[in-house]
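Asker: What would the 3D arrangement of this be:
(chains A and B)
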Amino acid sequence: MRFIGLRLARGLLTLWFAVTVTFFLVRLLPGDPVLAVADPNMTEELRQKLLADFGLDKPLAAQYLDYLGQLVQGNLGMSFRQSIPVTTVLMERLPWTLILTISAMVVTIALGIPLGVLAATRAKGWLDRVIQLTGVTAQSLFVPSVGILLMYVLGVWLGWFPIGGAVDLDATGLGATLSMLHHLVLPCLSLVFIQLGGYVLTMRTTLIEALGEDYVSLAKAKGVRRGKVVWKHALRNALLPTTTIAGLQLGTLVGGAVLTETIYAYPGIGRAIYEAVGQLDFPVLQGAFVLLAAAVVAANLITDVAYGILDPRVRTS
Amino acid sequence: MTAAAVELTPRRRTWSSFRRNPLGVASGLLLLLLALVAICAPLIAPFPEGYGADTSQPPSSAHWFGTDDIGQDVFAQVVWGTRVSMAVGVSASVLAIVIGLLIGVCAAYFRRLDTPLGVLVDLSLSLPVLPLMILVAALAGPSVRTLAVVIALFSWPEVARVVRSQALAIVPMPFVSAAKVVGGSSLWIVRKHLLPGVVPVVGVSVVLTTSRAVLSEAGLSFLGLGDPNSWSWGTILHKAQQSGALASAWWTTLFPSLAILLLVLSTTLLSVAYNDARNHRSDT
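Answerer: Numbers count the residues shown, from 1 in each chain, chains lettered A, B, ... in the order given. Down below sits the predicted model:
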């Protein structure tokens, strides 16, 4: 319980830090936020009214407390361009981003574990070399490049998958679900490509280490089958550090999702960010960051707690 | 080990073992070539601007990488893009290294600063960086300098973490205590003893930070936050996305993509080769 409490406190601290940093960055950076909403040649009176509407006429500290207070109630302010609450804009988009990132993560883990095992059990062999080199290359990929390539080959040339959007609007029932999965394939694959390298390389290293442990030698000496030694004894222990990678890669995953959604016109938070950049809609950009930071903090919290349950040693440290 | 090998300085030994790694040498040469392209861009191709007669042409002998939807030569765009992409990458990385080095060394040497700086680094590392960079770059307005500063501002924590862990191993060494005993000032000890000790680790960091900075720059420019008056690899992709060329003109996206891949891959392989050479694994 104490362990969960500590992790929760750290998560909240991270979130507060994210919110505070962005608040002061937005207010202190050069660039008049009102200019972004309004015409430069409007009257001074109108300008003041706009400032008051967005609460920009109060002292900075009061604005900061206001912002925190609103945030606790789930209010991220008003969009400059669309005159609707940022929360409404983003909450519509959040499910799509969650579908995309979670499916990408599941596929990455499902592919990463067997590939890591394959490389580790054949360490120094040619297959290991190939997997390692591919892993390093995959880590050097630029997400939009992968997305565009997949879109071009699988979407345009072969025509197997749709290249934009998230679902056919006129499909209903089962058809809608199928259409959703069909649209998900390319963006999800793009994210899997850039994530996979990290998982496979970590899996490989930790498994090679685990295979050198005494309990593995003991199991082998007792005559346990090799496959069972690898998959049941060593893999279980090698999986734990891999959970940490999942946490560390969350940032990359979120960044990748922003870029991927832009390419495929996938209606998630990332696409909302891209649109907000074009319109200089700062409240949406700020809200999107706060929301994504909260998602990452929550996911990290889950990973930490899961790790603590799986490995009691972590709880004491 | 022979007598001759013992006489070699560590640096010479690293170099001689690095030279025997073909992948590392090839990566180094490729990086030099890209740097040369960046520096000599005006000699290689004219600055791409205005409208051309041949629009959306596939690669040919006249236009090696084809042309875009307004008739500009993609080869020229990629050549000039090398300049901005590498300039932003290198300057952001240098800035990030300097900040990271200072903070990392301070955290290791001044025990009282260690906890707050450590918390700061941990917090920064656990946030999704790209959306934060987007917000700041959008606020500060697009320019090459903004990009470099924004990327550096959010890249130093990783350097600081690496530097701190390396410096922590040096602080308890007898020569540091000795320097304190003879009355050396903190600044002098940090400069004379700590910095030289962490430099080898920073060597790898420079390379990796640069490649990450190039990727960040490409990402921000791709989203439309690049300098509107200059070309970078990300900007070429952004323009292709805006003109709808993503799904029709493969040449407008393939060549800048390859350029990014080559740069990032060669920096990664170079740092792996450097690490291997420094650890002298191949000698034992």
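Asker: what is the mean pLDDT for the longest helix that chain B contains?
Answerer: Determined from DSSP state H, the single longest helix within chain B is helix B:74-109. Helix B:74-109 comes out with an average pLDDT of 89.
Asker: Counting by contacts, list what that helix packs against.
Answerer: helix B:22-39, helix B:41-44, helix B:111-125, helix B:144-153, helix B:156-170, helix B:195-220, helix B:233-242, helix B:250-279 (3 or more Cβ pairs under 8 Å, 6 or more residues apart in numbering or on different chains; DSSP states H and E). Quick note: C-beta positions are derived from backbone N, CA and C, even for glycine.
Asker: Format those as a markdown table; extra columns: distance to chain A and mean neighbour count.
Answerer: Below are the helices and strands packed on helix B:74-109 laid out as a markdown table (distance: least, Cβ to the nearest Cβ, whole Å; neighbours: other Cβ atoms under 10 Å in any protein chain shown):
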| stretch | distance to chain A | mean neighbour count |
| --- | --- | --- |
| helix B:22-39 | 9 | 16 |
| helix B:41-44 | 21 | 13 |
| helix B:111-125 | 5 | 15 |
| helix B:144-153 | 9 | 21 |
| helix B:156-170 | 11 | 21 |
| helix B:195-220 | 6 | 22 |
| helix B:233-242 | 6 | 25 |
| helix B:250-279 | 4 | 21 |
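Asker: Put together CSV for the ones you listed, with distance to A:Leu68 on each row.
Answerer: Below are the helices and strands packed on helix B:74-109 laid out as CSV (distance: least, Cβ to Cβ, whole Å):
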stretch, distance to A:Leu68
helix B:22-39, 46
helix B:41-44, 48
helix B:111-125, 17
helix B:144-153, 23
helix B:156-170, 24
helix B:195-220, 28
helix B:233-242, 35
helix B:250-279, 39
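Asker: Whatever residue of the stretch 1-150 of chain A ends up closest to chain B and B:Trp233: what is the separation?
Answerer: Chain B sits closest to A:Ser145 of the stretch 1-150 of chain A, with a gap of 3.5 Å, by Cβ to the nearest Cβ. Going from A:Ser145 to B:Trp233 by Cβ to Cβ, to the nearest Å gives 9 Å.
Asker: Please enumerate the shared neighbours of those two.
Answerer: B:Ser257, B:Ile260 (Cβ atoms under 8 Å, 6 or more residues apart in numbering or on different chains).
Asker: How about the residues of the stretch 1-150 of chain A by chain B?
Answerer: A:13-14, A:17-18, A:21-22, A:25-26, A:29-31, A:136-137, A:139-145, A:148-149 (Cβ under 8 Å from any Cβ of the partner chain).
Asker: Mind checking which of those residues are buried?
Answerer: For the residues of the stretch 1-150 of chain A next to chain B, a neighbour count by 16 or more other Cβ atoms under 10 Å in any protein chain shown gives the buried set as A:14, A:17-18, A:21-22, A:25-26, A:139-145, A:148-149.
Asker: give the contact list for the closest residue to B:Val74 other than its chain neighbours.
Answerer: Nearest residue to B:Val74, sequence neighbours excluded (Cβ to Cβ, 6 or more residues apart in numbering or on different chains): B:Phe65, at 3.8 Å. Neighbour list for B:Phe65: B:Pro59, B:Asp73, B:Val74, B:Phe75, B:Gln77, B:Val78, B:Trp251, B:Phe255 [criterion: Cβ under 8 Å, 6+ apart].
Asker: In the stretch 51-200 of chain A, mark out all the helices, start to finish.
Answerer: Using DSSP state H, counting those that start in this stretch, the helices of the stretch 51-200 of chain A run over residues A:60-72, A:86-121, A:126-139, A:143-150, A:173-211.
Asker: from the stretch 1-150 of chain B, which residue is nearest to chain A?
Answerer: Closest point on the stretch 1-150 of chain B to chain A, by Cβ to the nearest Cβ, is B:Leu130, at 3.4 Å.
Asker: got a list of contacts for the helix or strand containing that residue?
Answerer: In the assignment (DSSP states H and E), B:Leu130 maps to helix B:129-140. If you take Cβ under 8 Å, 6+ apart as the criterion, helix B:129-140 is touched by A:18, A:21-22, A:25-26, A:29-31, A:251, A:254-255, A:258-259, A:273, A:276-277, A:280, A:282, A:285-286, A:288-289, A:292-293, B:146-147, B:149-151, B:153-154, B:216, B:219-220, B:223, B:225.
Asker: Which positions in the stretch 151-300 of chain A make contact with chain B?
Answerer: A:151-152, A:155-156, A:163, A:250-251, A:254-255, A:258-259, A:262-263, A:273-274, A:276-278, A:280, A:282, A:285-286, A:288-289, A:292-293, A:296-297, A:300.
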